[in-house]
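Trainee: Prediction below, plus the sequence it came from.
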Amino acid sequence: MRLGLSLGYWGAGPDPQAAERVAAAEDLGFDSIWTAEAYGSDALTPLAWLGARTTRVRLGTSVVQLSARTPTATAMAALTLDHLSGGRMVLGIGASGPQVVEGWYGQPYPRPLARTREYVQVLRQVFARERVEFAGEHYAFPHPGGTGLGKPLRPTVHPLRADLPVLLAAEGPKNVALAAEIADGWQPLFYAPRQDGHYREALAEGFARPGARRTAGDFEVVGMVQVVVDDDVEAAADRLRPMLALYIGGMGARGVNFHQDVFVRMGYADECARIQEAYLAGRKDEAAAAVPLRLVEEVALVGPRAKVAEEAHVWRDSLLTTMVVGGDPATLRTIAEVLG
């Protein structure tokens, strides 16, 4: 299992330690660095800026949102970054949710799985330097209306790799099965290695579909895992509880929160209901306090160094091929030592 560095997306502004963290990760032998986007900073610009300071690590997006760009625009950015980095680009994409898609991008949110399938088909055409011709339910190239002057085009740039890897961010079983069928890898969020049976079943279903692109043996699973080393287990968990409360309680409307659904499938329906009720009522501290330690330990490594090292075997034996972690350079060094 390899290590990757999570750079995430910005809060009010850029992380002043980002370049230092990237340098530390490459020096420590990390495999990759990963940027993200929500409705502030984008994933591609920081990846190019910080990737220019590296020579070896792979450069991944975790994730680029489908609704932010047409598939051809995303493909242009990916093949450009792949050339500039000497073949180190990894394109992670995701459908996001209706609050962001409709609220930020001003677009409808129909049938995310079908849209994802079509999006990837168009990406593959560009990476293969084919003339882009596609008539789908959600995407059409050339545009079937307008002036009528549109014609099938292929990229002027010769892609460095026709097989530039595409990873899908997915949480629900149907979307995970789609990743196994059409993508080169899967990016889970809040992956619980002790409760991954439904994920294994979904992946197996996708690999068994006619025309599946990969097999279990050459498929990437790149998951972000929070690692907090602290002599006090509860203190370590406290550093993660506000974030978990945000995702469980506030990242999505009531009844349409895909992150919460992950924890409900783990058996935490009652806890999730309490967390969401408090969070949506503005009682964020109460919501964080309602996150039980056992839930934190399902998806994170927390506690004294010896405990983290002992529990790491569960993750090494899991589906993950790359564990993506965060922290300042000193924390990254500790994680590398404990998990190495």
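Mentor: Received it, and whenever you're ready, just let me know what you need. Here the structure is a predicted model, which is why all the values come from computation and not from measurement.

Trainee: Going along the chain, name the strands of the stretch 201-340 of the chain.
Mentor: Secondary structure of the stretch 201-340 of the chain by DSSP state E, counting those that start in this stretch: the strands cover 220-224, 226-229, 300-303, 322-325.

Trainee: How far does the longest one sit from its chain's centre?
Mentor: Here strand 220-224 shows a centroid-to-chain-centroid distance of 8 Å under the convention C-alpha atoms, centre = their mean, to the nearest Å.

Trainee: Which other helices and strands does it contact?
Mentor: For strand 220-224, the helices and strands in contact under the criterion 3 or more C-beta pairs under 8 Å, 6 or more residues apart in numbering; DSSP states H and E are strand 32-35, strand 185-187, strand 322-325. In short, each C-beta sits where N, CA and C put it, glycine included.

Trainee: Kindly reformat those strands as TSV containing distance to residue 119.
Mentor: Listed next are those as TSV, based on distance: least, C-beta to C-beta, whole Å:
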stretch	distance to residue 119
strand 32-35	19
strand 185-187	15
strand 322-325	23
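
Trainee: could those go into CSV alongside distance to residue 75, mean neighbour count and mean pLDDT?
Mentor: Formatted as CSV, the entries for those read as follows, by distance: least, C-beta to C-beta, whole Å; neighbours: other C-beta atoms under 10 Å; pLDDT from 0 to 100:
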stretch, distance to residue 75, mean neighbour count, mean pLDDT
strand 32-35, 18, 26, 98
strand 185-187, 17, 26, 98
strand 322-325, 23, 23, 98
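
Trainee: Residue 108 is nearest to which of these?
Mentor: With distances scored as C-beta to C-beta, the stretch of the helices and strands packed on strand 220-224 nearest to residue 108 is strand 185-187 (24.0 Å).

Trainee: what does the closest one contact?
Mentor: Outside of strand 185-187, the residues within contact range by C-beta atoms under 8 Å, 6 or more residues apart in numbering are 62-63, 90, 92, 94, 165-170, 176, 179-180, 203, 214, 219-223, 321.

Trainee: which ones among the residues you listed are found in helices?
Mentor: When these are checked against helices (DSSP state H), the matches are 176, 179-180, 203.

Trainee: And those residues, which two are furthest apart?
Mentor: For the ones in helices among the contacts of strand 185-187, with distances taken as C-beta to C-beta, the pair at the greatest spread is 179 and 203 (7.7 Å).

Trainee: Specify which residue of those two has the higher count of neighbours.
Mentor: For residue 179 versus residue 203, neighbours defined as other C-beta atoms under 10 Å are more numerous around residue 179 (28 against 23).
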